[in-house]
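Novice: pasting the structure only:
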Ligand code: DP6
């Protein structure tokens with residue numbers, strides 16, 4: 001193996017302020033609704049891809065341990081899209097590390113697939129644009145399309161058959177000095193992955209259509225609020241987007257529930273902060289943790305309140321972070 005065929009990428013995770021939930025095209029992995037996220041400075045995945053003529057199959061180490069069969073198969077499929085675009089035919093050794101808990105609702109698939117695709121494209125030696133990388137990452141995991149970019153990022157909804165959909169940065173990380181304070185409410189992985197959760201919602205939830213109809217309106221409000229740096233506008237639409245998608249998941253059969261009792265305790269804390277006049281707004285993804293959006297000046301107070309909420313294991317304050325960075329070739 002020569003080091004020439006090797007490259008490393010660091011991609012940061014992102015949290016959707018306007019949520020993606022549901023697919024317009026399962027095969028092409030096209031989201032049914034537009035979403036808008038903030039890339040986070042503190043959470044990232046670092047992945048090295050080494051194409052190697054001696055390998056007969058792709059190999060994947062996740063946080064220093066051999067990946068499971070399904071994890072390897074999904075990574076291999078993502079690498080196939082890289083191989084197809086760049087013309088590389090070799091198999092790869094992939095080493096991927098998260099600096100935060102994997103598959104716990106902290107968007108590890110977003111940073112994971114963004115880093116994998118970016119490292120693979122760079123290792124190929126071909127010049128691949130950020131938009132093309134975002135398109136490949138989207139095929140692996142739609143939220144990963146957003147992690148190619150920094151700051152505030154939108155991903156439109158896909159029309160069936162539209163293979164080219166990619167994310168786009170709407171404002172750089174310096175645009176708005178907000179904080180997302182994360183309250184970790186459990187250890188371990190989530191029970192139902194987001195891909196499965198949203199498919200179950202699409203097939204069985206009686207409120208799925210209402211979610212699809214309303215999500216674009218909430219997305220527009222979030223986008224306007226971000227561009228105008230209006231925390232109240234973003235916060236209100238973000239909370240509605242969060243609660244609407246969770247209502248959709250919870251009303252699926254079998255029900256997809258991501259919250260635990262501590263999630264609800266934290267939500268009550270956020271209500272109390274707001275009652276005291278502090279701009280603090282909650283969002284939850286496919287996991288039990290709560291992320292609270294607030295102004296930079298209020299972050300310390302919000303974090304203290306979350307830390308002293310019953311059941312909260314730890315807290316962390318994040319801010320808008322950068323897009324993917326690659327090196328090694
Ligand atoms: C709740 O991007 O993980 O975090 O495309 O099937 O891989 P797949 O789903 P994924 O779903 C993310 C769902 C969410 C909301 C969001 O990030 O927009």
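Specialist: Great, that's in hand. This structure is a prediction, so every number in the text was calculated from the model and none was measured.

Novice: need the residues of this protein near the ligand, please.
Specialist: 16, 19-21, 29, 35, 109, 141-143, 194-195, 285-286 (CB under 6 Å from any ligand atom). All C-beta atoms are positioned from the backbone trio N, CA, C, and that covers glycine.

Novice: Take these and keep only those in helices.
Specialist: Residues from those lying in helices, with DSSP state H as the criterion: 109, 142-143, 194-195.

Novice: which of these tops the neighbour count?
Specialist: residue 143 (30 neighbours; other CB atoms under 10 Å).

Novice: Distance of it relative to residue 276?
Specialist: Counting by CB to CB, to the nearest Å, the gap from residue 143 to residue 276 is 33 Å.

Novice: before we move on, what about residue 90?
Specialist: 59 Å.

Novice: In terms of neighbours, single out the busier of those two.
Specialist: residue 90 (17 against 10).

Novice: Turn the ones in helices among the residues of the chain next to the ligand into CSV, including pLDDT.
Specialist: Formatted as CSV, those follow (pLDDT from 0 to 100):
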residue, pLDDT
109, 89
142, 98
143, 98
194, 93
195, 94
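
Novice: how about these, which pair is most distant?
Specialist: Across those, no pair lies farther apart than 143 and 195, at 10.6 Å, counting by CB to CB.

Novice: mind listing what residue 74 touches?
Specialist: Contact analysis of residue 74 by CB atoms under 8 Å, 6 or more residues apart in numbering lists residue 140.

Novice: so where is this protein shaky, pLDDT-wise?
Specialist: 1-4, 101-107, 190 (pLDDT under 70).

Novice: which residue ranges form the helices in it?
Specialist: 69-86, 108-123, 130-140, 142-146, 194-204, 208-227, 231-250, 261-275, 299-307.

Novice: what angle sits between the first one and helix 108-123?
Specialist: Which is helix 69-86. Angular relation of helix 69-86 and helix 108-123 on a 0 to 180 degree scale: 40 degrees, by axes from the mean of the first three to the mean of the last three CA atoms, to 10 degrees.

Novice: what angle do helix 69-86 and helix 194-204 make?
Specialist: Using the same axes, to 10 degrees: helix 69-86 against helix 194-204 is 90 degrees.

Novice: repeat for the third one
Specialist: Angle of helix 130-140 versus helix 194-204, following the same axes, to 10 degrees, is 60 degrees.

Novice: which parts of helix 130-140 are buried?
Specialist: By neighbour count on 16 or more other CB atoms under 10 Å, the buried set for helix 130-140 is 130, 132-140.

Novice: nearest to residue 115, of those residues?
Specialist: residue 137 (9.0 Å).

Novice: Quick check: the closest residue to that closest one other than its chain neighbours vs residue 229, distance?
Specialist: Computed as CB to CB, 6 or more residues apart in numbering, the closest residue to residue 137 that is not its neighbour in sequence is residue 144, at 3.9 Å. Counting by CB to CB, the separation of residue 144 from residue 229 is 26 Å.

Novice: State the distance from the residue of the stretch 201-329 of the chain found nearest the ligand to residue 65.
Specialist: Here the stretch 201-329 of the chain gets closest to the ligand at one residue, residue 285, 3.8 Å apart by CB to the nearest ligand atom. Distance, residue 285 to residue 65, using CB to CB: 24 Å.

Novice: These two: who's more crowded?
Specialist: residue 285 (25 against 8).

Novice: dump the residue contacts of residue 152.
Specialist: Neighbours of residue 152 in contact, by CB under 8 Å, 6+ apart: 36-39, 169-172, 175-176, 226, 320.

Novice: just residue 251 next, same as before
Specialist: Applying CB under 8 Å, 6+ apart, the residues near residue 251 are 201, 205-207.

Novice: Go again with 7 Å.
Specialist: By CB atoms under 7 Å, 6 or more residues apart in numbering, the contact set of residue 251 is 205-207.

Novice: Could you identify which of these has the most neighbours?
Specialist: Result: residue 205 is most packed of the contacts of residue 251 (other CB under 10 Å), 23 neighbours.

Novice: List the contacts of it.
Specialist: Per CB under 7 Å, 6+ apart, neighbours of residue 205: 248, 251-252.

Novice: same check, this time on residue 176
Specialist: Contacts of residue 176 by CB under 7 Å, 6+ apart are 226, 229, 320.
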